[in-house]
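Chemist: from the sequence below, what's the structure:
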Amino acid sequence: MSEFRQDIVSKHWVLFAPNRGNRPEDFKKSAEDLADPAKLPELDDKCVFCPGSEDFNLDILRVPEGKNWKVRVIPNKFEALGHSGGRQRSDFYTVREGIGDHEVIITRPHNKLMAFLDDDLMDINLQVYQQRMLDLSNHPEVQYVHVIQNHGREGGASMVHPHSQVFATPFVPEHLHDEVTGSFVSFFQTGACIYCEMIYRELQDKERIVLDHPDFLVFCPFAARMPYALRIIPRRHQASFVDMTKDERKSLGKVLKNILQKLFFKLNNPAYNFYIHSLPVSHSILTRYDNRSYHWHLEILPRLNVSGGFELGSDVYVNTVLPEQAADYLRQPHPKVEKITT
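Modeler: Numbers count the residues shown, from 1 in each chain. Modelled structure (predicted):
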């Protein structure tokens, strides 16, 4: 049974999910071998995410339907959020139920990282992201839908089989709330989207740009919290990830593959996390959730260092690589990275 507990001083929420402690841990078996997809089979009959193991997990969605699915969505068996009853109280401390949804999005091949999916399979994967965001947003208790991918043991992945996760929460997390509020305030001070202005400035400066695509800009953020952190942002103003057109989604698939391949070859397949920040759901009148002021983006955070006491105690990150240096290194071509075709 999960529950959210709120810090009495900072008002930040913490999710306690004891069920997550029972997850299987592939990486305990042989971290070095399992980290290299070339050493893995395309189908592992012991893997609960592989074809043939469908009966172990209830289906939410298959694309296409039937046994020859390419992408499959299932409830997370070791969910951090669910719909079982929990306690809720507010005396001195505030507790609320861990109500929400936690799903797993599985791509079929056991040994093919997202960086090396074919274009069609990548597009199906992104299309399923959009579909789950739309469907979960219709749940009355949901205020935010968060799509993530954890890669590698240091990135928090417990299963080697490539997969993404979707969390639907009954409130907007603080980090996203700060982004949405900041962009809202900026819009009503200047009349312009701060992210659109950011795109314009980055194109002028050029030194933090990794990839300049007609539909998307990829750059190392000016105040990146981690070495080689990357932001992928649509050049056309879009508040929500679901606002992408079909053609833009196909472009995103090619851009994301290119960037993940750069990380794989140039940084030796690092563990990473990526997540999508999109306009929150609003079931009430909350003016800061404004389509004009917010601009969705995808953040990629390679896990190349470990936070120490300063970062943990101050919430001020120490980054040992300047974004300009990181961008220059990642921008350089690599013979094994696929070129983007339009």
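Chemist: and the protein, what are its domains?
Modeler: 3-169, 174-331 (automatic domain parsing).
Chemist: which residue packs closest to residue 186, ignoring adjacent ones?
Modeler: Nearest residue to residue 186 in three dimensions, chain neighbours excluded: residue 194, at 4.2 Å (C-beta to C-beta, 6 or more residues apart in numbering). The C-beta positions use only the backbone N, C-alpha and C, and glycine is treated the same way.
Chemist: so what's that neighbour up against?
Modeler: Neighbour list for residue 194: 182, 183, 186, 187, 293, 295 [criterion: C-beta atoms under 8 Å, 6 or more residues apart in numbering].
Chemist: could the domains of the chain go into CSV alongside mean pLDDT and distance to residue 339?
Modeler: Output for the domains of the chain, formatted as CSV (pLDDT from 0 to 100; distance: least, C-beta to C-beta, whole Å):
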stretch, mean pLDDT, distance to residue 339
domain 3-169, 83, 13
domain 174-331, 93, 8
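Chemist: got TSV for these, with distance to residue 337 too?
Modeler: As requested, those are exported to TSV (distance: least, C-beta to C-beta, whole Å):
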stretch	distance to residue 337
domain 3-169	9
domain 174-331	4
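Chemist: returning to what we had before: the contacts of residue 194, buried ones only, as a PyMOL selection?
Modeler: A single PyMOL command selects the buried members of those (16 or more other C-beta atoms under 10 Å):
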select buried, resi 183+186+187+293+295
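Chemist: residue contacts, residue 339?
Modeler: residue 258.
Chemist: could you verify that it is part of a helix?
Modeler: No - counting by DSSP: H, G, I helix; E, B strand; the rest coil, residue 339 is located in no helix; its state is coil.
Chemist: how much space separates it from residue 254?
Modeler: Distance, residue 339 to residue 254, by C-beta to C-beta, to the nearest Å: 10 Å.
Chemist: same check on residue 14?
Modeler: Per C-beta to C-beta, residue 14 is found 38 Å from residue 254.
Chemist: looking at those two, which has the bigger crowd around it?
Modeler: A direct count of neighbours by other C-beta atoms under 10 Å for residue 14 and residue 254 places residue 254 higher, at 20 against 9.
Chemist: can you tell me the closest non-neighbouring residue to the more buried one?
Modeler: Sequence neighbours aside, residue 340 is the residue nearest to residue 254 in space, at 4.9 Å (criterion: C-beta to C-beta, 6+ apart).
Chemist: ok, the one you found - how many residues close by?
Modeler: If you count neighbours by other C-beta under 10 Å, residue 340 ends up with 12.
Chemist: for the protein, which segments are assigned as helices?
Modeler: Assigned by DSSP state H, the chain shows helices spanning 31-34, 119-137, 174-190, 194-205, 246-266, 309-314, 323-331.
Chemist: now render those helices as TSV, adding distance to residue 223.
Modeler: Below are the helices of the chain laid out as TSV (distance: least, C-beta to C-beta, whole Å):
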stretch	distance to residue 223
helix 31-34	32
helix 119-137	27
helix 174-190	13
helix 194-205	11
helix 246-266	20
helix 309-314	14
helix 323-331	8
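Chemist: of all the ones you listed, which one is nearest residue 75?
Modeler: Ranking those by distance to residue 75, with C-beta to C-beta as the measure, places helix 119-137 first at 11.7 Å.
Chemist: who touches that closest one?
Modeler: Identification of contacts with helix 119-137 by C-beta under 8 Å, 6+ apart yields 61, 63, 70-71, 73, 101, 103, 105, 107-108, 114, 117, 142, 145, 147, 164, 166, 168, 240-242, 244, 249-250, 252-254, 256-257, 276, 278, 281.
Chemist: again, only using 7 Å
Modeler: 61, 63, 70-71, 73, 101, 103, 105, 107, 117, 142, 145, 147, 166, 168, 241-242, 249-250, 252-254, 257, 278, 281 (C-beta atoms under 7 Å, 6 or more residues apart in numbering).
Chemist: and if you look at stretch 50-57?
Modeler: With C-beta under 7 Å, 6+ apart as the criterion, stretch 50-57 contacts 43, 44, 45, 47, 48, 74, 77, 108, 110, 161.
Chemist: need the max-distance pair from the residues you listed.
Modeler: 43 and 77 (20.3 Å).
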